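Engineer: Predicted model follows, preceded by the sequence.
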Amino acid sequence: MRLSFAPAKLSLSLLFLIAAPLVLQGCSEAPKQQEQMHPAAVATMTIKTEDAPFTIELPATLSGSKEVEVRARVAGILESRNFEEGQRVEQGQSLFTIDLEPYQLAVDRAQAALDGAKASLVQTERDVKRLGKLRAEKSVSQRDYDNASSANDIAKTNLAAAKVALKEAQLNLEYAQVKAPVAGVMGREFVSEGTFVSGPDVLLTQMTQFDPIRIRFGLSEREQLQMRQDVKNGSLTLPEQGHWRTQIKLQDGSLYAKTGEVNFSDVRINPNTGTSEFQAVIPNPDFQLRPGQFVRIELTGAVRKNAIIVPQRAVLDNGTGKFVYVVSKNEQGMDVALPAPVEVGEWIKKPNNQQFQNFWLIRSGLKEGDQVIVDGMARIFFPGMPVNVGKPAANSSHAE
């Protein structure tokens, strides 16, 4: 029995012939539908050049402003330790006490010698005065008078030496009370009470000065070269003598209340990291910051001259580069959105309504007078799409 499929084939052919005009008609109407799309509602800003703050944000490490080794200046038995390990101490506070008795005796001895030198001086001065009168009457020889004068000079010298000896004895007595050279936090002790300390060669303890605290960070050679080029062409002004204002950003994103400034920059480049070291100091009166802490810092004080900046949200990325949408007129005189490739620099923070807003620095791709779309980009489905410029963009600079 033969089966015939000719009717089915005929039916499919007829269906194709009937549907094809409908498909062609739909394709021809697609451009018309696009032309009939409602313009996308957007907000824009008009580009104007302005001076803008230039900020650098970098990772940094904190360290004490002074790392001090505490040593005794005199020898003796260590009688007491006058601090607790980890304790905060003030400058001049007693840390250790060495046996004071020998040094007190030395002071008493020097004081007695000084008193004797004063008495000898008084005696020789009387002799010179008395023999001077007798010499005028020619009752004594010139030799006797000269001997008295020499004895008076020697007495003056002995008095001066006695004063120095007393000062030295008093200084040694003071050194027997080992005191904190700076205010800071104590480390652990290395020598216990009852130990004989031979002098400065023995390390008693260490301490760290926390106020102010030092911030150390590296700045790459590439960034420094770029800044020097910008300074040369007049587009950037740096802080005077490199004293950048410095603020610390803590791990939770909050800013430390105190600010400081950069006080040192190394001219050498570290070959391992390609950076040069910088240092800033910042007040730390409450000891909230600790050595070894990792933070981020913001360096401010530089100014971008005649810069073009746009809100960060206005800059898009298509995978091959960054661009913005600008409003232009098409052949029919309608406002349309066209992409404009841009070269961006760093982020710039500017205050806005008691808050800070991020902007991109635009190095190239835009000029004064360009109308950049900053809101409503999600409604732009293809380049050249008609747009309806509405209200000024919120939180943008020079918006229209």
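Structural biologist: It's in. Residues are numbered from 1 along each chain as shown.

Engineer: Glu125 - how many residues pack around it?
Structural biologist: Look at Glu125: counted by other Cβ atoms under 10 Å, it has 15 neighbours. Glycine gets a C-beta too; all of them are placed from N, C-alpha and C.

Engineer: for Asp211, that is, sorry about that
Structural biologist: Residues near Asp211, counting by other Cβ under 10 Å: 20.

Engineer: For it, grab phi and psi.
Structural biologist: Per-residue torsions, Asp211: phi -130, psi 110 (degrees, to the nearest 10).

Engineer: cool, and Phe381?
Structural biologist: Phi and psi for Phe381, reported as degrees, to the nearest 10, are phi -90, psi -20.

Engineer: Starting from Tyr325, give me the distance back to it.
Structural biologist: Using Cβ to Cβ, to the nearest Å, Phe381 is found at 12 Å from Tyr325.

Engineer: Name all residues that make contact with Thr195.
Structural biologist: Ile77, Leu78 (Cβ atoms under 8 Å, 6 or more residues apart in numbering).

Engineer: per-residue pLDDT, it?
Structural biologist: Thr195 carries a pLDDT score of 94 in this model.

Engineer: what sits against Lys322?
Structural biologist: By Cβ under 8 Å, 6+ apart, the contact set of Lys322 is Val315, Leu316, Pro341, Val342, Glu343, Val344.

Engineer: right, and the helix or strand after the longest helix seen in the chain?
Structural biologist: Determined from DSSP state H, the single longest helix within the chain is helix 101-136. Counting by DSSP states H and E, the next helix or strand C-terminal to helix 101-136 is helix 142-175.

Engineer: Strand partners (parallel or antiparallel) of the helix or strand just after that next one?
Structural biologist: Remark: after helix 142-175, the chain's next helix or strand is strand 177-179, criterion DSSP H and E. Using DSSP bridges, strand 177-179 pairs in its sheet with strand 94-98 (antiparallel).

Engineer: Specify which member of the contacts of Lys322 is nearest to Leu159.
Structural biologist: Leu159 has its nearest neighbour among the contacts of Lys322 in Val344, at 79.9 Å by Cβ to Cβ.

Engineer: ok, and the closest non-adjacent residue to Val295?
Structural biologist: Ile248 (5.0 Å; Cβ to Cβ, 6 or more residues apart in numbering).

Engineer: on that earlier part again, Phe381 and Tyr325: which is more packed in?
Structural biologist: Taking neighbours as other Cβ under 10 Å, Phe381 and Tyr325 compare with Tyr325 leading, 25 against 10.

Engineer: Give me the distance from the one helix or strand the more buried one maps to to the chain's centre.
Structural biologist: Following DSSP H and E, one finds Tyr325 within strand 322-329. How far strand 322-329 lies from its chain's middle: 39 Å, per Cα atoms, centre = their mean, to the nearest Å.

Engineer: same check, this time on stretch 194-211
Structural biologist: Centroid displacement of stretch 194-211 relative to its chain, using Cα atoms, centre = their mean, is 31 Å.

Engineer: my read: Leu316 touches Ile380, true?
Structural biologist: No: taking contacts as Cβ atoms under 8 Å, Leu316 lies outside contact range of Ile380: 9.8 Å.

Engineer: which one of those two has more residues nearby?
Structural biologist: The neighbour count for Leu316 versus Ile380, taken as other Cβ under 10 Å, is higher for Ile380 (20 against 15).

Engineer: was I right about that one contacting Val324?
Structural biologist: No: if you go by Cβ under 8 Å, Ile380 and Val324 don't touch, sitting 11.3 Å apart.

Engineer: and for the two, which residues touch both?
Structural biologist: With Cβ under 8 Å, 6+ apart, Ile380 and Val324 have common neighbours Ile373.

Engineer: quick check: longest strand of the protein.
Structural biologist: For the chain, the strand that runs over the most residues, judged by DSSP state E, is strand 50-71.

Engineer: Pull out the buried residues from that one.
Structural biologist: The neighbour-count check on strand 50-71 (16 or more other Cβ atoms under 10 Å) flags 52, 54-56, 58, 60, 62-65, 68, 70-71 as buried.

Engineer: And for stretch 226-236?
Structural biologist: Buried residues in stretch 226-236 (16+ other Cβ under 10 Å): Met227, Asp230, Ser235, Leu236.

Engineer: Name the nearest residue to Ala314, sequence neighbours excluded.
Structural biologist: Val374 is the one closest to Ala314 (Cβ to Cβ, 6+ apart), at 4.2 Å.

Engineer: Helix, strand, or coil at the spatially most central residue of the chain?
Structural biologist: The chain has Thr246 as the residue nearest its centroid, 4.1 Å off, counting by Cα atoms, centre = their mean. What DSSP: H, G, I helix; E, B strand; the rest coil gives for Thr246 is strand.

Engineer: List the contacts of it.
Structural biologist: So Thr246 contacts Ile215, Thr259, Gly260, Glu261, Val262, Ala280, Ile282, Ile297, Glu298, Leu299 (Cβ under 8 Å, 6+ apart).
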